[in-house]
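In: This is a predicted model, with the sequence first.
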Amino acid sequence: MNRFQILCLILPAWISAAALTISPTEAGQVKSLVGSSSDLSSLAIDGPISYADLKYIAGLKNLQSLDLSKAEIAVFRANDEYYPENVIPSGIFAGARFTQFEFPSSARLVVEDAAFAGASIEELFIPETVASVGEGAFAGSAVKTVTLNGSTDFGTSVFADCTALDNVSLGGLSTLPARMFAGCTALTAVNGAENVTAIGDRAFRGDAALASFEFGPSLKSVGTEAFAGAGLEVADLSQASSLTSLAPRVFAHNAALTYAAFAPALKDLGEGVFFGCASLAKVDAQVTEIPDYAYVNDTSLDIASAYTPTTTTIGSYALKGMDQVVQLNLYPALEHIGDHAMQGMTGLESIDARELTAVPTLGENVWNGVRQDLVKLYALGDLADDFESTAQWQDFDIVKLSTTLTIDSEAVKTVSAHFDGSDIVIRSAHSPIAEAVLYDTAGTLLTRIAAGTTTVTIETSQWTNRIYIVGVTLADGTRATSKLIRK
């Protein structure tokens, strides 16, 4: 017998050992049907199996592909052990070496906790027949692509620390549980994100390659640190009209984040929401309170987008480390600045407090690290006296101004404002008026007018206020503030 004839005899046996399809007639037959095929690389099962069969399969070290799409998992009872039907038990395939896997097609299949944790599966499709997937079911596995569906109930940390995972299709899934994709450092695409209504705590924490995420109009909640340490470049939640609050540190430590936007319904930002986002340049949000630690070390941020005319409270450490701020404008609505809120604002040169009607209260050590004696604080009349007699404020170089004096180190430009009946008439003697704003004494913005002329008239008959604050910005950038009393 020549070598070719010998090879022809051996080859069919080798093929049957490497790839095998078996059809058990009852559960518990897999071991006997597979036999001594220790080098088995592919196994497909058409028929009933049980926990004992799954346990045996898990021990096949050379298995690369497991197809259970035509299998049915039956009840297993032996001694004190009991495993119900249609259940892939906890940890049964943890660390398994097969790279391909197909789920049983039987309805209401349950995948228990850590069932495939650390497994070598590379591509995963979870069909609608899977009723639930337990905590950490695929955590730490080698999976690269995942396709989910909206009918399955997923537990926490299902794909946590899957460092090879780069593409996810949510397939209509609307709720993302806590830590679902945390630590998936290669994740770049989440398809179907626009349909998500709830994102759990730390769902994408540490996903440094995730540069974008589509926040859709159905979004209602975002949990603590949901995207902390991710790679988002833009966080546009402007379509999420049902989102009213954010949990703490949602976008903390997103080093590449440059812009964030929220719908008007969002009123409460969580503590430390943008902590350590050094590239963040602008935030569009209509909130009245800046939470504690909100913008710590956000050294690229335009202060005008963080602190606006509607801000009433600046939380503790909220603007800590913003050393690029040169001028700070204090608006009438501001009531309180928290502990260490402005710590490290070492570039500060001036504070414009002319629009204030009262001195804001301060927490402890608000200005730590700031050479207050080198910072000019501009205030009007009696309010300047109040600043001079208030702890921490009194440490600034306070400049007392009249109601027509503008802040300009090179020239003084006169702006006048007075009542003419119910009209407020504003005039500039030199530079045209670029903008005029009108506030009540509570700091509420009543109107804002873009002009371009040297005279502006504001009709006030629609309001019943007796006292108004008028703010004027001239075309050359200088500003003036007046307090007017209607007689």
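Out: Looks like it came in fine.
In: can you map out the strands along the stretch 301-450 of the chain?
Out: With strands called from DSSP state E, counting those that start in this stretch, the stretch 301-450 of the chain shows them at 313-314, 327-329, 336-337, 350-352, 361-362, 376-380, 397-401, 415-420, 423-428, 433-439, 445-453.
In: Turn those strands into CSV, including mean neighbour count.
Out: The way it works is simple: take the backbone N, C-alpha and C, and place the C-beta from them, glycine included. Putting those into CSV (neighbours: other CB atoms under 10 Å) gives the following:
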stretch, mean neighbour count
strand 313-314, 23
strand 327-329, 19
strand 336-337, 20
strand 350-352, 20
strand 361-362, 16
strand 376-380, 22
strand 397-401, 17
strand 415-420, 16
strand 423-428, 19
strand 433-439, 21
strand 445-453, 13
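In: would you list those strands in JSON lines and tack on distance to Ala71?
Out: Compiled in JSON lines, the strands of the stretch 301-450 of the chain are given as follows (distance: least, CB to CB, whole Å):
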{"stretch": "strand 313-314", "distance to Ala71": "61"}
{"stretch": "strand 327-329", "distance to Ala71": "68"}
{"stretch": "strand 336-337", "distance to Ala71": "65"}
{"stretch": "strand 350-352", "distance to Ala71": "73"}
{"stretch": "strand 361-362", "distance to Ala71": "69"}
{"stretch": "strand 376-380", "distance to Ala71": "77"}
{"stretch": "strand 397-401", "distance to Ala71": "81"}
{"stretch": "strand 415-420", "distance to Ala71": "83"}
{"stretch": "strand 423-428", "distance to Ala71": "82"}
{"stretch": "strand 433-439", "distance to Ala71": "72"}
{"stretch": "strand 445-453", "distance to Ala71": "67"}
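In: wait, which of those strands is closest to Ile121?
Out: For the strands of the stretch 301-450 of the chain, the distance to Ile121 is smallest for strand 313-314, at 49.5 Å, taking CB to CB.
In: What strands flank the closest one, and is each parallel or antiparallel?
Out: Strand 313-314 has its sheet partners listed here by DSSP bridges as strand 289-290 (parallel), strand 336-337 (parallel).
In: one step back: for the strands of the stretch 301-450 of the chain, could you give me CSV that also reports distance to Leu33 and mean pLDDT?
Out: Converted to CSV, the strands of the stretch 301-450 of the chain look like this (distance: least, CB to CB, whole Å; pLDDT from 0 to 100):
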stretch, distance to Leu33, mean pLDDT
strand 313-314, 71, 98
strand 327-329, 78, 92
strand 336-337, 75, 98
strand 350-352, 82, 94
strand 361-362, 79, 98
strand 376-380, 86, 93
strand 397-401, 90, 91
strand 415-420, 94, 85
strand 423-428, 93, 90
strand 433-439, 83, 89
strand 445-453, 79, 88
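In: out of those, which comes closest to Ile126?
Out: Closest approach to Ile126 among those (CB to CB): strand 313-314, 45.8 Å.
In: Please tell me how far that closest one is from the chain's geometric centre.
Out: Centroid separation for strand 313-314 versus its chain: 21 Å, with CA atoms, centre = their mean, to the nearest Å.
In: thinking again about what came up before, now tabulate the strands paired with strand 313-314 in JSON lines and tack on distance to Thr185.
Out: Shown next, in JSON lines, are the strands paired with strand 313-314 (distance: least, CB to CB, whole Å):
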{"stretch": "strand 289-290", "distance to Thr185": "31"}
{"stretch": "strand 336-337", "distance to Thr185": "38"}
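In: so which of the ones you listed gets nearest Ser120?
Out: With CB to CB, the closest approach to Ser120 among those belongs to strand 289-290: 47.6 Å.
In: Understood, closing this out.
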